[in-house]
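Engineer: Below is the sequence, then the predicted model.
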Amino acid sequence: MKRLFLGIALLVLATGGTYAQQTTKSKTDTIPLKYGSHRIGNRTDEMMERWRSYGLGQFIHWGVYAIPGGHWEGKSYNGAAEWIRSWGGASAPANWQATYDNLYKQFNPVAFDARKWAKQAKDMGAKYLIFTTKHHDGFSLWPSKYTDYSITNTPYKKDIVKQVVDAYDAEGIDVYLYFSIIDWNHPGYRSGVPKTAKDSLAYEDFKQFTRNQLLELLTNYPKTKGLWFDGTWDAAWVKQSKFADDLEKELRAFHPGLIIGSRFRADENGKRHFDSNGKMMGDYEQGWERKLPKSIEVLEGRDWDCVMTIPPNQWGYNSDWKSSYIKTAHDLTDMLLHAVSMNGNLVVNFGPDGKGNIRPEESITAAKLGEWTKVNGAAIYGAKYAGLPKPDYGYYTKKDNKLFLTVINKPVNGTLRLAIPRSYKQKPANAVLLIGNIKLNITTVDMGMSGDGNIYYDIQLPANLNATSPFVVSIELINATGRSNNFGEAKT
Ligand code: H79
């Protein structure tokens, strides 16, 4: 008994002490695992509750790759701009990697102003930032003691991570540090599983380097709320289940409340995100990159966010946006509501240029999103899945007794029809169009379709509503006590 208690206590300690208690193992745990999920339920602590309420986030990819911006000597790299170091073959400039590995000597972002970025993010309505401290190229944007390939040895010299963390924190935006486990600069880095004794030794050195850098980041930037890992699919790293599990526990113990997604480590059978028993490894599902879930059911109650590029697939600065579709603020609002209506957050990516400027197209999009969130923020901040089927013309979200109906495609007849299942226990009492704070009429509609289990309500939109972007109707819900009440007229 005592040992069992100790076991549970240690587990709770190792996970940060914040998971819901569970005394019996889940029936699905059929495969014994040392390095599988330590997650018992969803985290219930204040930090994770805060994460759940963000709604909208900003991702920033910035590094040496912003200098070439996807192009060099008139040639164009046919991939994501932050990957440009891996340019090879006939289309690549001669000695490209050597050129790239010396670009940091030109990194001097004279226009960089962290407070300006943070202010723009705040105006956009972002509640959290994920910032690239080190991408796959290995360039560290903070003065790391453990490598020479860092901001220290650029003409700019100053600590970029510190400026970003401080500026965003001052705006009340939580900062998460992106860290790539792929590091093309470190001599010990291996993508494939080390085969020779020499490779193994080198890789051990790389593992210690990785640990050192992570502890260094948490030491230098204690305001960090979480770590966003990437590049963890390499066969070499996937084999490191024990090392990664130990390191994750160490980082959590070092920085209580730290939020880490499911992309960090693999279990001893090489399973990533979900262990061999199908249980998520991390605080939230981190696989939603440039894609959104089709239904809430696929998420099975897990926390999740979606990271999204504005062009099709460019994270770092690419100087040419002319040849591809660029998502509009309208597209992104649709995705934002898609995410929040399924209990997720949407994180929109920005790729500043080599001088430190946010490109004008992104600034315009940020401003448009900001105009939208200022009026309609109630529909996304702290709002959740409403427990209702999705209407064809938009999304439902819910917070307390407020149901928010975000209309993406305005019905041609100017009427929003709500089909509320009779089992819903709540009914609409009054409705307000958030733009202009206009009270709207609600009527119950007898569709003669009592067999389908819904009660129908119509909300009439103002005849002169010339909506050029998504708009929100905030609906106050009251308890529908008993069956007969549901059929009564809604208060108008
Ligand atoms: O930082 C941005 C991208 O540069 C980075 N993640 C975002 C946030 C990224 N790196 N690689 N990728 C995205 C996609 C890579 C996919 C692949 Fe694989 C890596 C294809 C093959 C190896 C992972 C493992 C996906 C399929 C197998």
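Structural biologist: On my side now, so go ahead.

Engineer: Nearest to the ligand: which residue in the protein?
Structural biologist: Residue nearest to the ligand within the chain: residue 233 (3.7 Å; CB to the nearest ligand atom). C-beta: built from backbone N, CA, C; applies to glycine.

Engineer: Run a quick check on that residue versus residue 270, I expect a contact.
Structural biologist: No: contact criterion CB atoms under 8 Å: residue 233 and residue 270 do not qualify, at 10.4 Å.

Engineer: For the two, list the residues in contact with both.
Structural biologist: Applying CB atoms under 8 Å, 6 or more residues apart in numbering, one finds that no residue jointly contacts residue 233 and residue 270.

Engineer: related to what we said a few turns ago, which residue sits closest to the residue of the chain closest to the ligand, ignoring its sequence neighbours?
Structural biologist: When the adjacent residues along the chain are set aside, residue 233 lies closest to residue 272, with 6.9 Å between them (CB to CB, 6 or more residues apart in numbering).

Engineer: count of neighbours near the one you found?
Structural biologist: 17 (other CB atoms under 10 Å).

Engineer: Report the buried residues of stretch 354-364.
Structural biologist: Across stretch 354-364, burial judged by 16 or more other CB atoms under 10 Å covers 354, 356, 357, 358, 359, 362.

Engineer: thought the first one was touching residue 67?
Structural biologist: Yes: with contact defined as CB under 8 Å, residue 354 reaches residue 67; the gap is 4.1 Å.

Engineer: on that earlier part again, quickly list what the residue nearest to residue 233 is bridged to.
Structural biologist: Beta-bridge partners for residue 272, by DSSP bridges, are residue 266.

Engineer: what does the model give it for pLDDT?
Structural biologist: pLDDT for residue 272: 98.

Engineer: Okay, domains of this structure per the record?
Structural biologist: Domain ranges of the chain: 3-379, 394-489, per automatic domain parsing.

Engineer: Which stretch among those domains is buried most, on average?
Structural biologist: When the domains of the chain are scored by mean count of other CB atoms under 10 Å, the highest mean neighbour count falls to domain 3-379 (a mean of 18).

Engineer: ok, back up a step: and the residue of the chain closest to the ligand, how far from residue 161?
Structural biologist: 25 Å (CB to CB, to the nearest Å).

Engineer: coming back round to it: name the residues contacting each of residue 354 and residue 67.
Structural biologist: Common contacts of residue 354 and residue 67, defined by CB under 8 Å, 6+ apart, comprise residue 107.

Engineer: Residues of the stretch 301-450 of the chain that sit close to the ligand?
Structural biologist: Applying CB under 6 Å from any ligand atom, we find that the stretch 301-450 of the chain lies next to the ligand at 307, 315.

Engineer: ok, now with 5 Å
Structural biologist: In this structure, the stretch 301-450 of the chain approaches the ligand at residues residue 315, judged by CB under 5 Å from any ligand atom.

Engineer: For the stretch 301-450 of the chain, which segments count as strands?
Structural biologist: 304-308, 344-350, 394-399, 402-407, 415-421, 426-433, 438-440, 442-445 (DSSP state E, counting those that start in this stretch).

Engineer: Neighbouring strands - and their directions - for the shortest one?
Structural biologist: Which is strand 438-440. Each strand paired with strand 438-440, and its direction, by DSSP bridges: strand 426-433 (antiparallel).

Engineer: Now do the strand it pairs with: everything it contacts.
Structural biologist: By CB under 8 Å, 6+ apart, the surrounding residues in contact with strand 426-433 are 401, 403, 418, 420, 438-442, 455, 457, 459, 461-462, 465, 471-480, 485-486, 490-492.

Engineer: out of the residues you listed, which are inside strands?
Structural biologist: Secondary structure defined by DSSP state E assigns 403, 418, 420, 438-440, 442, 455, 457, 459, 471-479 of the contacts of strand 426-433 to strands.

Engineer: For residue 387, which residues are in contact?
Structural biologist: 398, 424.

Engineer: Could you do the one 4 residues further on as well?
Structural biologist: Contacts for residue 391 (CB under 8 Å, 6+ apart) come out as 405, 416, 417, 418, 419.

Engineer: Including mean pLDDT, could the strands of the stretch 301-450 of the chain go into CSV?
Structural biologist: Output for those, formatted as CSV (pLDDT from 0 to 100):
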stretch, mean pLDDT
strand 304-308, 99
strand 344-350, 99
strand 394-399, 98
strand 402-407, 98
strand 415-421, 97
strand 426-433, 97
strand 438-440, 98
strand 442-445, 96
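
Engineer: Using a markdown table, lay out the ones you listed together with distance to residue 373.
Structural biologist: A markdown table is the format used below for the strands of the stretch 301-450 of the chain (distance: least, CB to CB, whole Å):
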| stretch | distance to residue 373 |
| --- | --- |
| strand 304-308 | 16 |
| strand 344-350 | 11 |
| strand 394-399 | 13 |
| strand 402-407 | 12 |
| strand 415-421 | 21 |
| strand 426-433 | 16 |
| strand 438-440 | 19 |
| strand 442-445 | 26 |
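
Engineer: Tell me which of those strands sits nearest to residue 107.
Structural biologist: strand 344-350 (18.0 Å; CB to CB).

Engineer: got the angle between the closest one and strand 304-308?
Structural biologist: With axes from the mean of the first three to the mean of the last three CA atoms, to 10 degrees as the basis, strand 344-350 and strand 304-308 are set at 20 degrees to each other.

Engineer: Quick one: list the elements packing against strand 344-350.
Structural biologist: strand 56-60, strand 128-134, strand 304-308, helix 329-340, helix 360-376 (3 or more CB pairs under 8 Å, 6 or more residues apart in numbering; DSSP states H and E).

Engineer: Apply 6 Å and report the result again.
Structural biologist: strand 56-60, strand 304-308, helix 329-340 (3 or more CB pairs under 6 Å, 6 or more residues apart in numbering; DSSP states H and E).

Engineer: Would you mind pulling the contact partners of that strand?
Structural biologist: With contacts defined as CB atoms under 6 Å, 6 or more residues apart in numbering, strand 344-350 is touched by 54-57, 59-60, 304-309, 315, 332, 335-336, 339, 358, 362.

Engineer: The ligand contacts on the stretch 1-150 of the chain?
Structural biologist: residue 82.

Engineer: where along the stretch 1-150 of the chain do the strands fall?
Structural biologist: 56-60, 71-72, 75-76, 128-134.

Engineer: following the longest one, which helix or strand shows up next?
Structural biologist: On the C-terminal side of strand 128-134, the nearest following helix or strand under DSSP states H and E is helix 160-170.

Engineer: how far is that next one from where the chain is centred?
Structural biologist: 19 Å (CA atoms, centre = their mean, to the nearest Å).

Engineer: sec struct for the residue of the chain closest to the ligand, please.
Structural biologist: Of the three states, residue 233 takes coil under DSSP: H, G, I helix; E, B strand; the rest coil.

Engineer: Distance to residue 42 for the helices and strands packed on strand 344-350 - can I get that in CSV?
Structural biologist: CSV is the format used below for these (distance: least, CB to CB, whole Å):
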stretch, distance to residue 42
strand 56-60, 19
strand 304-308, 11
helix 329-340, 17
